[in-house]
Structures are given as structure tokens and as C-alpha cells.
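>>> Sharing a model prediction with you, sequence too.
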Amino acid sequence: MNEPDMPEITADMSAAQASFERDGFVIAGGLCPPEQLQRMRLSVERDLAAALAPVEYEADVAYPGAPSGREAPGGHTVRRLLDALGRDPVFADWACCSAMTRWARGLLGTRRIRVVRAHHNCIMTKHPDYSSATGWHQDIRYWSFDRPELLNAWTALDCESRDNGGMRLIPASHRAVFDSEAFDTDRFFRSEHPPNRPWIDSAVQVDLQPGDVLFFHAAVLHAAGRNLTERRKRAVVFSYRPESNRPLPGTRSAAGADLDPERRACV
Ligand SMILES: O=C(O)CCC(=O)C(=O)O
């Protein structure tokens, strides 16, 4: 029998847990039903058309390929629609639904989870003309919690592949210990550092279909290129933590009360 705090573990979840433990990521194919996908797409399109705040522009991230400033051509290309949980209940519906939380609970190994408000909690977009590339990094580089036990859930609203800037991940990098030269001053994983090369050479491109959810550990190294197609790419991204893995007081990670998906309340 499961402990009260332990999630129910079915055979499919047990296999997913094993992949996640080994590689640091796993894909739940077709997890998001078409009606829910369509509701989220409509909301994203409405907010993109109005550039409804809070948003982050490509020009703000200043990654390779980004416009040089908000006044430059393409300077108002949205990179992220921020605060998904606050902008439309359709996103909290998805973050808190039983399909998503069953996976989050299974991969985190506890029934008691929270949806993190301070990190991700956004819609990532990549537009054809002015998209930028993201270098190799671990999401936890600027996150502050008791433990590095954090799970990202990336729901594809469109097909994702190398052509449109889909994700590449480095299997098993979430468990690696890297030397002191491995990261640059912005904490990107340095491709010119010889010991990093075998890691980067082992990266895998993740192709996603609309409705697929890529779950990945917040310490797994990942990167993504520019969108070289003529169509926009959109993904809804949330992070989950065990209730017991608390943000450190006074840090950015503690900036907002996290969401209890059971009660749909902030705690
Ligand atoms: O879509 C991308 O370029 C990657 C985004 C990403 O890895 C991040 O925001 O942490």
C-alpha cells in the first residue's frame, strides 16, 4: 500500500520515472486533450495580439539573434507571455488538472506538490522573423530552493523540431558535477571548454507534437535554436516542486505564493 504522501504508481508511471531518473526528462505524448489545447491557443493569440502585460520581449533577453533593443526592427516581438497563472484561468486549469498533476506527483515522488509562481509560469513563443537562440543552461542556475528537486512541464501548442527552435537536452546532465570552468559568467555551459564537448555531443533533439508534454528536471542542460520556419511556435511552461522543497526566504524564488493544485489556492 502507498504511504499517504506517496503518489499512486502505475506501470506506465513507473517506466516514466525510470526514464526521468536516468535522463532527466521524459515525454508524455498527447497528454493535453485537443479542446484544452484549443482553449489555450485562443487565449495566447488574444494576448499576443494585444501584447498584454506582463510580457518579456526578445529584445529584453538579448540572446543571439534578438533585436538590439525595443526600438530596433522587431523590438516588440514577444518572447514570453508572463504570469500564465494570473492571465487566464485556462492556464491554471491545465497546470492543476489531474492529467498534469498525476505526472508531476509521479516524477517528484510525492502527492504534495506546488505549482511554482516565480519561475516559468509563462507562455514561451518563438516568432519567425526575430527569434533568438538560447545557449546551454540549467534552469536552476538562478533559482533558490531547499533542494534541487524541481520539475518543468513544457506543453507544446504546436509541432516542435530543430527547424522552429525546438528543445535539445543533454541526457543525465541533471546528475553531473561539472568543473569550475564549465560555465561562463552568465552561467551558460561553455561549448569551447573541452571537457564540456562530450556532453554537448550527446545532446538529443526533442520533437514534439501539439499536446505533448516534455517533463524535465530543472538541472538538466538544455538549449534551443531560432525559429527558421514561417510559423509561430508556442508552448505553455510550468514548474512544480514538492511542497516540502521550499523557496529560500528573501530570494526571487520566494517572490510569489505558489499554487496548491488540490485546492487551486495560493499558499
Ligand atoms: O525556447 C528556448 O529557446 C528555450 C527556453 C528555455 O530553455 C528557458 O527559457 O529556460
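Yep, that arrived.
>>> Show me which residues of the stretch 51-200 of the chain are close to the ligand?
Within the stretch 51-200 of the chain, the residues that sit near the ligand (C-beta under 6 Å from any ligand atom) are 124, 134, 139, 165. From N, CA and C alone the C-beta is placed, and that goes for glycine too.
>>> Out of these, the closest to the ligand would be?
Closest approach to the ligand among these (C-beta to the nearest ligand atom): residue 134, at 3.4 Å.
>>> I'd assumed residue 224 was in contact with that closest one.
Yes - assessed by C-beta atoms under 8 Å, residue 134 is found in contact with residue 224 at 4.9 Å.
>>> Which of the two has more residues huddled nearby?
Higher neighbour count among residue 134 and residue 224: residue 224, with 25 against 22, using other C-beta atoms under 10 Å.
>>> in terms of contact, does the more buried one touch residue 133 like I think?
Yes - between residue 224 and residue 133 there is a contact at 6.7 Å, judged by C-beta under 8 Å.
>>> Between the two, which contacts overlap?
residue 165 (C-beta atoms under 8 Å, 6 or more residues apart in numbering).
>>> Which parts of this structure are strands?
In the chain, the strands defined using DSSP state E lie at 25-28, 55-57, 78-82, 113-115, 122-126, 134-137, 151-156, 167-169, 204-205, 213-217, 222-224, 233-242, 259-260, 265-266.
>>> and the ones you listed, which one is worst for confidence?
Mean pLDDT per stretch puts strand 265-266 lowest among the strands of the chain, at a mean of 64.
>>> thinking again about what came up before, now compare the residues of the stretch 51-200 of the chain next to the ligand and name the two farthest from each other.
Farthest-apart pair in these is 139 and 165; separation 16.9 Å (C-beta to C-beta).
>>> of those two, who's got more company?
A count of neighbours by other C-beta under 10 Å puts residue 165 above the other of residue 139 and residue 165, at 24 against 19.
>>> Quickly note the distance from residue 218 to the ligand.
Applying C-beta to the nearest ligand atom, to the nearest Å, the value for residue 218 to the ligand is 9 Å.
>>> How about residue 205: which residues does it bridge to?
Beta-bridge partners recorded for residue 205 (DSSP bridges): residue 168.
>>> hang on, isn't it packed against residue 166?
Yes - counting by C-beta under 8 Å, residue 205 touches residue 166, with 6.6 Å between them.
>>> Identify the contacts common to these two.
Shared contacts of residue 205 and residue 166 (C-beta under 8 Å, 6+ apart): none.
>>> which one of these two has more residues nearby?
Between residue 205 and residue 166, residue 166 has the larger neighbour count (other C-beta under 10 Å), namely 22 against 13.
>>> okay, now the closest residue to that one other than its chain neighbours: neighbour count?
Excluding the flanking residues, the one nearest residue 166 by C-beta to C-beta, 6 or more residues apart in numbering is residue 160, at 3.6 Å. Residue 160 has 26 neighbouring residues, counting by other C-beta under 10 Å.
>>> Let me see the contact set for residue 147.
When the contact criterion is C-beta under 8 Å, 6+ apart, the partners of residue 147 are residue 245.
>>> quick one on the thing from earlier: mind putting the strands of the chain in a markdown table, distance to residue 248 included?
Listed next are the strands of the chain as a markdown table, based on distance: least, C-beta to C-beta, whole Å:
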| stretch | distance to residue 248 |
| --- | --- |
| strand 25-28 | 25 |
| strand 55-57 | 24 |
| strand 78-82 | 22 |
| strand 113-115 | 15 |
| strand 122-126 | 22 |
| strand 134-137 | 20 |
| strand 151-156 | 18 |
| strand 167-169 | 26 |
| strand 204-205 | 32 |
| strand 213-217 | 19 |
| strand 222-224 | 24 |
| strand 233-242 | 12 |
| strand 259-260 | 19 |
| strand 265-266 | 18 |
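>>> give me every residue that touches residue 244.
Contact analysis of residue 244 by C-beta under 8 Å, 6+ apart lists 110, 112, 146.
>>> If anything else comes up later, I'll come back, but that's it for now.
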